[in-house]
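Undergrad: return atomic coordinates for the entry below.
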Amino acid sequence: MNRITTHILDTSNGKPAADIDVQLLVQRETIWETLGKGQTDTDGRTGFLPADTDGPLQAGNYKIRFSTEQYFKEQGIDTFYPWVEIAFKLPDNAGHYHVPLLISPFGFTTYRGS
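TA: Modelled structure (predicted):
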């Protein structure tokens, strides 16, 4: 079964970012539809299955939205980014995609993981 997973690390303290709300969305023409929601665990990880029982992920545009402001607020830290959205395109017959996120209060980076 193909799926999309993510992992968030806080580079300002060198630890996984726990308890961050995460949404997986898919673009349907001009509208973004939520496929799944979750929260990172103590290791900064969360995983999404494709729309529960709707079968494999279809080719198309997806994005993951990370609600980072609350995470930093709970630590008493101001952040420049209230959320981070990572948009990406899946090809036909997509397999497992891992989309990691590295955050700090004033920056972020991502890459296609394995």
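Undergrad: so how many other residues sit close to Pro16?
TA: 16 (other CB atoms under 10 Å). Where you see a C-beta, it was placed from the backbone N, CA and C, and this is true even at glycine.
Undergrad: so who does it touch?
TA: Contacts for Pro16 (CB atoms under 8 Å, 6 or more residues apart in numbering) come out as His7, Ile8, Leu9, Asp10, Thr40, Thr42, Asp43, Gly44, Arg45.
Undergrad: now render these as CSV, adding secondary structure and neighbour count.
TA: Output for the contacts of Pro16, formatted as CSV (DSSP: H, G, I helix; E, B strand; the rest coil; neighbours: other CB atoms under 10 Å):
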residue, secondary structure, neighbour count
His7, strand, 19
Ile8, strand, 24
Leu9, strand, 17
Asp10, strand, 22
Thr40, coil, 21
Thr42, coil, 9
Asp43, coil, 13
Gly44, coil, 20
Arg45, strand, 18
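Undergrad: which residues touch the lowest-mean-pLDDT helix or strand in the chain?
TA: Least confident element among the helices and strands of the chain, by mean pLDDT, DSSP states H and E: strand 45-48 (a mean of 82). Outside strand 45-48, the residues that touch it by CB under 8 Å, 6+ apart are 3-8, 16, 22, 24, 35-36, 38-40.
Undergrad: least confident of those residues?
TA: Lowest pLDDT within those is found at Arg3 (78).
Undergrad: ok, the nearest residue to Ser12 once chain neighbours are set aside - contacts?
TA: Among residues not flanking Ser12 along the chain, Ser104 sits closest, at 4.2 Å (CB to CB, 6 or more residues apart in numbering). Contacts for Ser104 (CB under 8 Å, 6+ apart) come out as Asp10, Thr11, Ser12.
Undergrad: list the residues that contact the last one.
TA: So the one you mean is Ser12. Ile77, Ile103, Ser104, Pro105.
Undergrad: Pro100 reaches Thr11, doesn't it?
TA: No - in this structure, Pro100 is not within contact of Thr11 by CB atoms under 8 Å, at 11.5 Å.
Undergrad: which of those two has more neighbours?
TA: Between Pro100 and Thr11, Pro100 has the larger neighbour count (other CB under 10 Å), namely 18 against 14.
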